[in-house]
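1. Predicted structure and sequence below. I'll ask about it afterward.
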Amino acid sequence: MIDFSNDAAKNLKELREKKPLIHNITNYVVMNFTANSLIAMGALPVMAHAENEVEEMASIAGALVINIGTLSDPWIRAMFKAGHAANKNGVPVILDPVGSGATRLRTETSKRLIDELDIAIIRGNASEVLSLAGEDSKTKGVDSIHSVEDAAQAAVELSLELDTVIAITGPKDLVTDGNTVYRVNNGHELMGKVTGSGCAATTAIAAFAAVNKKYAEAAAFALGYYGLAGQWAAMKHTSPGSFRVGLLDSLYEIGGADLKTGMKLEVLHES
Amino acid sequence: MIDFSNDAAKNLKELREKKPLIHNITNYVVMNFTANSLIAMGALPVMAHAENEVEEMASIAGALVINIGTLSDPWIRAMFKAGHAANKNGVPVILDPVGSGATRLRTETSKRLIDELDIAIIRGNASEVLSLAGEDSKTKGVDSIHSVEDAAQAAVELSLELDTVIAITGPKDLVTDGNTVYRVNNGHELMGKVTGSGCAATTAIAAFAAVNKKYAEAAAFALGYYGLAGQWAAMKHTSPGSFRVGLLDSLYEIGGADLKTGMKLEVLHES
Amino acid sequence: MIDFSNDAAKNLKELREKKPLIHNITNYVVMNFTANSLIAMGALPVMAHAENEVEEMASIAGALVINIGTLSDPWIRAMFKAGHAANKNGVPVILDPVGSGATRLRTETSKRLIDELDIAIIRGNASEVLSLAGEDSKTKGVDSIHSVEDAAQAAVELSLELDTVIAITGPKDLVTDGNTVYRVNNGHELMGKVTGSGCAATTAIAAFAAVNKKYAEAAAFALGYYGLAGQWAAMKHTSPGSFRVGLLDSLYEIGGADLKTGMKLEVLHES
């Protein structure tokens, strides 16, 4: 394993010093949890979705998260407005295509967002990423029925085609910019028992992308940090209610030195 | 007491093996909590409310929850679309008429849903159920001012009239299909101190209805299991913040063997 | 320090006996947390935002909270309808101008609400309050970049101009009706690490205003009680996930006798 832990620790330090504003247009289910997650990490979350304010908010943000978990037409319009404003101002846009593949609305909206906006990073589960790659993917609601490994090759191709970093989360997360492929050997299965844990992973990526313009690296560091928080929480809690509380605690407690010893990142392939 | 605990344990086992997709059109306040509750039980929650995707989602679900806690016109339209799609596909529809009786919008929407859709199970507090029975019921916001006993006779009559299972929750829950009347002697008063605990009870009913087509039995088992989780949580926690966390933990921890010893269900009347 | 603790304890007792209905039109992010906070305090929360029911709900409430944290046009219309109904029925209206100063939509909506409605109490952070006073205030998303002291003079002038109680929360909260200025020496810095802790402070003010028509006093008592809950939580928890749980627990656990010993309120100025 190459040792990225010093760079990751530096990113985390910078995140906590700069406290970047992360603008989220996200789903109703996870808003509270992802806002609390971002605060625990050290960032400043703001949730704003009105068509008549998102451009202003996205323009001053350190990163913009577009999460399609509970879509409706006015929100889709706001996502495009915010996304264009972010693009114009050099603010990285992170897309979480929740449930893409499950309904036409979600798949088509994800593809339109990818086509019309300049997306820095896409974070999804394997089924969601496959659905974007044009595979005839099915999901079970918003849950993946494919493994990360199933989607790895499609992710690399999609990344090259779109010139976008792709992060697939699952038992072992995978991040690629089409050239380098990172595998993140952190995380815990109880994370799958908390609604919005994937969405919160996306916000961690956004927070790191606000301080590290090498987006593949930022995504890999964020997932290593977030996965380590899951491992810390699982050392204290074995059921999902208290694990969820412990996950927020751990995001707050983990410091740079902990990343240096705990983050397990490897480069699978570099071209 | 008749011993239903073996059948209830079988339902819980099947629920955790099949992991049915539960489609929720529910209120903003409880979405996160009910999603986490469903995951803790073993089901797969999905929250989707857009008119242009609910039919697709409801068609593939194991059960559909319609919860009117924070209504607006677009959501009402989505409820009807999803409900008709569920009816067409044999997916049971569970209605939670939150605050029916408190405002005309809520009472009238509940009645229209009942008239136009084939509802498998209605779960409400006593005031809500009385409001559906055409009684001049008042509620205090979304809280009941009537006792379960007040509403018992109305529930039996309403159940027969609508050919729908009625579940009234309160200190002692009551479930009836118009013929059999079950009383659930599980639960804890701290459940009343957690917003959405009634809504989460409704989702437990939906999860059991997805694996047991005898809907009165499914509702009674679900409330026994859910009430037992409240009792477990109250053994460890005496204040509502930590009790709420413990409730999620207990939903996850309770297994079939625990139901066998802890569920307290009785048949009050069988015609 | 003048000893207000007996009066505050009486308010808390009355709150728990009368269980006033608090109608909230509030943002998606905090709805669950503020509902749970209100229940823990002893009040009955209801969240309702549909234009076709808010007048009915606001008319029967003990207080109405208008919180602009996630605005959209239909919600703004509902805020005015509910506000006018509350005014007509003598129900105090509490405004939380979340993020005023951050976007034009928020600043202008806050000002319109203040102009057209009779607002009993405004609760915001320093940046938000300054933005209402016409100062060229900037906020970082929804977070203050000004200190409470920066905003104190503007608050007094604004309070006199609008004939409205102003409460500014921060490390030391300040409440004024333009004549008397209270400082609240309760609270803990971890409160700033929980999303919606300011919004929940606003709901505490609403709950106290429902039982105490001296609104400056009600706001000061509420913030003393709420701040003390933060201190209690911080004695047990040092990270934000578990602190948040402990805050809800403490709101429930604190009784009148605890207020008498723990509330630290002083009058800075009386004219």
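-> Nice, thanks for sending it over. Numbers count the residues shown, from 1 in each chain, chains lettered A, B, ... in the order given.
2. OK, contacts around A:Met57?
-> Taking C-beta atoms under 8 Å, 6 or more residues apart in numbering or on different chains as the contact definition, A:Met57 lies against A:His23, A:Val46, A:Ala48, A:Ala82, C:Ala102, C:Thr103, C:Gly141. For the C-beta atoms, the positions are set from N, CA and C on the backbone; glycine is no exception.
3. Looking at the stretch 1-150 of chain A, what residue ends up closest to chain C?
-> Sorted by distance to chain C under C-beta to the nearest C-beta, the residues of the stretch 1-150 of chain A start with A:Val46, at 3.4 Å.
4. Okay, and the closest residue to chain C within chain A sits in which element?
-> Relative to chain C, the nearest point of chain A is A:Leu248 (2.9 Å; C-beta to the nearest C-beta). Secondary-structure element containing A:Leu248, defined by DSSP states H and E: helix A:240-253.
5. re earlier: okay, the contacts of A:Met57 in TSV with secondary structure next?
-> Compiled in TSV, the contacts of A:Met57 are given as follows (DSSP: H, G, I helix; E, B strand; the rest coil):
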residue	secondary structure
A:His23	strand
A:Val46	strand
A:Ala48	coil
A:Ala82	helix
C:Ala102	coil
C:Thr103	strand
C:Gly141	coil
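6. Can you name the residues of the stretch 151-271 of chain A that neighbour chain C?
-> Taking C-beta under 8 Å from any C-beta of the partner chain as the contact definition, the stretch 151-271 of chain A meets chain C at A:Arg244, A:Val245, A:Gly246, A:Leu247, A:Leu248, A:Asp249, A:Ser250, A:Tyr252, A:Glu253.
7. any idea how far B:Gly141 is from the third one?
-> Right, A:Gly246. 33 Å (C-beta to C-beta, to the nearest Å).
8. okay, now the closest residue to A:Leu247 other than its chain neighbours: neighbour count?
-> Once flanking residues are discounted, A:Leu247 sits nearest to A:Ala233: 4.4 Å by C-beta to C-beta, 6 or more residues apart in numbering or on different chains. Other residues within reach of A:Ala233, judged by other C-beta atoms under 10 Å in any protein chain shown, total 25.
9. Check the contact between A:Ala233 and A:Glu253; I expect there is one.
-> No. Taking C-beta atoms under 8 Å as the contact criterion, A:Ala233 and A:Glu253 are not neighbours in contact, 9.9 Å apart.
10. Pretty sure A:Gly255 sits against A:Leu12.
-> Yes. Counting by C-beta under 8 Å, A:Gly255 does reach A:Leu12; the two are 7.3 Å apart.
11. surely A:Gly101 meets A:Val129?
-> No. Judged on C-beta under 8 Å, A:Gly101 makes no contact with A:Val129 at a distance of 9.2 Å.
12. what about these two, which has more around it?
-> Remark: of A:Gly101 and A:Val129, A:Val129 carries more neighbours, 31 against 27, as counted by other C-beta under 10 Å.
13. Now do the same contact list for that one.
-> Taking C-beta under 8 Å, 6+ apart, we find A:Val129 in contact with A:Pro97, A:Ile122, A:Ala151, A:Ala154, A:Ala155, A:Leu158, A:Ile166, A:Ile168.
14. what's the answer for A:Ile94, then?
-> By C-beta under 8 Å, 6+ apart, the contact set of A:Ile94 is A:63-66, A:119-123, A:202, A:205-206, A:209.
15. mind saving the C-alpha coords of stretch A:119-127 as CSV?
-> As requested, C-alpha coordinates have been extracted for stretch A:119-127 and formatted as CSV (Å, rounded to 0.1, in the frame of the first residue of the first chain):
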residue,chain,number,x,y,z
ILE,A,119,-19.7,17.0,-12.5
ALA,A,120,-16.5,16.6,-10.5
ILE,A,121,-17.4,13.4,-8.7
ILE,A,122,-20.2,10.8,-8.8
ARG,A,123,-20.8,8.7,-5.7
GLY,A,124,-23.2,5.8,-5.8
ASN,A,125,-23.6,2.1,-5.0
ALA,A,126,-22.8,-0.5,-7.7
SER,A,127,-26.4,-0.6,-9.1
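16. Tell me who's in contact with the nearest residue to A:Ala43 once chain neighbours are set aside.
-> Counting by C-beta to C-beta, 6+ apart, A:Ala43 lies nearest to A:Ala207, which is 4.3 Å off, once chain neighbours are set aside. With contacts defined as C-beta under 8 Å, 6+ apart, the neighbours of A:Ala207 are A:Leu15, A:Pro20, A:Ile22, A:Leu38, A:Met41, A:Gly42, A:Ala43, A:Gly62, A:Ala63, A:Ala222.
17. What separation do you get for A:Ala207 and A:Phe243?
-> The separation that A:Ala207 has from A:Phe243, given C-beta to C-beta, amounts to 21 Å.
18. Equivalent analysis for A:Ile145, please.
-> According to C-beta to C-beta, A:Ile145 stands 24 Å off from A:Phe243.
19. neighbour count winner among these two?
-> Ranked by neighbour count (other C-beta under 10 Å), A:Ile145 and A:Phe243 place A:Phe243 first, with 25 against 14.
20. Please verify my assumption that the more buried one contacts A:Leu190.
-> Yes. Judged on C-beta under 8 Å, A:Phe243 makes contact with A:Leu190 at a distance of 4.7 Å.
21. Need the residues touching each of the two.
-> Counting by C-beta under 8 Å, 6+ apart, the contacts common to A:Phe243 and A:Leu190 are A:Ala233, A:Ala234, A:His237.
22. can you redo these as CSV with distance to C:Asn185 and secondary structure?
-> Below are the shared contacts of A:Phe243 and A:Leu190 laid out as CSV (distance: C-beta to C-beta, whole Å; DSSP: H, G, I helix; E, B strand; the rest coil):
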residue, distance to C:Asn185, secondary structure
A:Ala233, 34, helix
A:Ala234, 39, helix
A:His237, 35, coil
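23. now those residues as CSV including pLDDT?
-> As requested, these are arranged in CSV below (pLDDT from 0 to 100):
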residue, pLDDT
A:Ala233, 98
A:Ala234, 98
A:His237, 98
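24. Pick the one among those residues closest to chain B.
-> Nearest to chain B among those: A:His237, at 8.3 Å, using C-beta to the nearest C-beta.
25. neighbours around that closest one, how many?
-> When neighbours are counted by other C-beta under 10 Å, A:His237 comes out with 20.
26. same question, A:Ile122
-> Should you count by other C-beta under 10 Å, A:Ile122 turns out to have 30 residues around it.
27. Report the contact partners of it.
-> For A:Ile122, the residues meeting the contact criterion (C-beta under 8 Å, 6+ apart) are A:Ile94, A:Leu95, A:Asp96, A:Pro97, A:Ile114, A:Val129, A:Leu132, A:Leu162, A:Thr164, A:Val165, A:Ile166, A:Ala167.
28. Going by distance to C:Val181, which of those residues wins?
-> Comparing the contacts of A:Ile122 against C:Val181 with C-beta to C-beta picks out A:Ile94 as the nearest, at 44.6 Å.
29. residues contacting A:Thr26?
-> Applying C-beta under 8 Å, 6+ apart to A:Thr26 gives the contacts A:Thr34, A:Met47, A:Val65, A:Ile66, A:Asn67, A:Gly69, A:Asp96, A:Cys199.
30. and if we set it to 6 Å?
-> By C-beta atoms under 6 Å, 6 or more residues apart in numbering or on different chains, the residues touching A:Thr26 are A:Asn67.
31. Then the one 4 residues further on?
-> Listed by C-beta under 6 Å, 6+ apart, the contact set of A:Val30 reads A:Gly196, A:Cys199.
32. Spatially nearest residue to the residue in the stretch 151-271 of chain A that chain B sits nearest to, not counting backbone neighbours?
-> Taking C-beta to the nearest C-beta as the measure, the stretch 151-271 of chain A has A:Gly241 as its residue closest to chain B, at 2.9 Å. Using C-beta to C-beta, 6+ apart and skipping residues adjacent in sequence, the residue nearest A:Gly241 is B:Leu248, 2.9 Å away.
33. On the pLDDT front, check the one you found for me.
-> Per-residue pLDDT puts B:Leu248 at 98.
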